[in-house]
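Undergrad: Next input, structure requested:
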Amino acid sequence: MDSFASGFAVVDGAGDALSFVSYLDLIHSMPFFQECKRQSYQRLGIRPGARVLEIGCGNGVDAAILAGIAGPAGQVIGIDVSSTMLASARSRDGAKSPLPDYALCDASNLAFADETFDAVRADRVLQHTNDPAIVLLEMARVTRADGRIVVFEPDWETFVLSPGDRGVTRRILNFWCDRIPSGWAGRSLYAAFSRAGLSEVAVTPISLVLTSLPLARRVFDLETTVSLAVKAGVVSSKEAEAWSDAQERADAAGQFFSSLTFYLVTGTKRV
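TA: Residues are numbered from 1 along each chain as shown. So this is what the prediction gives:
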């Protein structure tokens, strides 16, 4: 299988598509991401009765929360390119009311008229597109005047991990970043917001720090990515084994460290 970091662009073609749903459940359970999501909801400025678009809705958790904020008079639509994800989103019971609507749709070609939504949000989605700037243009197109756009994306070249041989670490992490369709999504957002004509653009960097190797393995899908790096000839199996062993020893001694920086970016559409 592909890694969770780079495989979301082709979920339906994966032999283990449901594992990507489980991965999103893990992310939603972590306090770091819960707080980042809370901040993104707040920045959208949603009022009761608002129309909201969730780009790349995944398992539907965020769309359901947004629907609760918009209220019975509002409308939230979650889109995704994955039928597997949409099926998961639709299957979740309606503990929160009202429920969002869902649609199969490509973010780079949104099937909505100009100025349809009061707020548009994307969370760790643009990294899986070939050109985040094109998606931002579409997000701006369907946003009404004075509407808000909020995007939360990682920059995978900010991913650091210790310990590990410097050369081997660089090769593995660069390989990792370059497998993701837009591994530099985070750093590209400010310019993309500007090109989309958005104003009052605010950028907040937020770093995830993990000092537990078992958790880092799950969040960053370390074992799969290292295996792929060996298969691609980026590192030898001996180098990969030594690299992983060093992290095991560090974790046992309470010295393992990893981090990744995300960027929470907000813009307003002015006409």
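Undergrad: three-state assignment of G147?
TA: Taking DSSP: H, G, I helix; E, B strand; the rest coil as the rule, one finds G147 in the strand state.
Undergrad: That one and D101, how far apart?
TA: 18 Å (CB to CB, to the nearest Å). The C-beta positions use only the backbone N, C-alpha and C, and glycine is treated the same way.
Undergrad: same question, A70
TA: 12 Å.
Undergrad: Report the distance from the least confident helix or strand in the chain by mean pLDDT to the chain centre.
TA: Of all helical and strand segments in the chain, the minimum by mean pLDDT, DSSP states H and E falls on helix 17-29, at a mean of 83. A distance of 12 Å separates the centroid of the chain from that of helix 17-29, by CA atoms, centre = their mean, to the nearest Å.
Undergrad: just checking, what packs against it?
TA: helix 83-91, helix 213-220 (3 or more CB pairs under 8 Å, 6 or more residues apart in numbering; DSSP states H and E).
Undergrad: Columns mean neighbour count on top of the ones you listed, output as CSV?
TA: Below are those laid out as CSV (neighbours: other CB atoms under 10 Å):
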stretch, mean neighbour count
helix 83-91, 18
helix 213-220, 18
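Undergrad: I'd like to know which elements the helix or strand hosting T266 is packed against.
TA: Taking DSSP states H and E as the definition, one finds T266 inside strand 257-269. Helices and strands touching strand 257-269, by 3+ CB pairs under 8 Å, 6+ apart, are helix 31-44, strand 143-154, strand 160-162, helix 185-195, strand 198-210, helix 213-220.
Undergrad: Most tightly packed of those?
TA: strand 143-154 (a mean of 22; mean count of other CB atoms under 10 Å).
Undergrad: Going by mean pLDDT, which of the helices and strands packed on helix 17-29 comes out lowest?
TA: The weakest mean pLDDT among the helices and strands packed on helix 17-29 belongs to helix 83-91, with a mean of 89.
Undergrad: Would you mind listing the buried residues in whichever helix or strand comes after that one?
TA: Later in the chain than helix 83-91, the nearest helix or strand by DSSP H and E is strand 101-104. For strand 101-104, a neighbour-count test (16 or more other CB atoms under 10 Å) marks Y102 as buried.
Undergrad: what lines up beside strand 101-104 in the sheet?
TA: strand 75-80 (parallel) (DSSP bridges).
Undergrad: Can you list the neighbours in contact with the strand it pairs with?
TA: The contact list for strand 75-80, computed with CB atoms under 8 Å, 6 or more residues apart in numbering, reads 51-58, 60, 62-63, 66-67, 70, 86, 89, 100-105, 107, 110.
Undergrad: in it, what counts as buried?
TA: Buried, per 16+ other CB under 10 Å, within strand 75-80: 75-80.
Undergrad: tell me which of those is nearest to Y41?
TA: Among those, V76 lies closest to Y41 (CB to CB), at 11.4 Å.
Undergrad: That'll do, ta.
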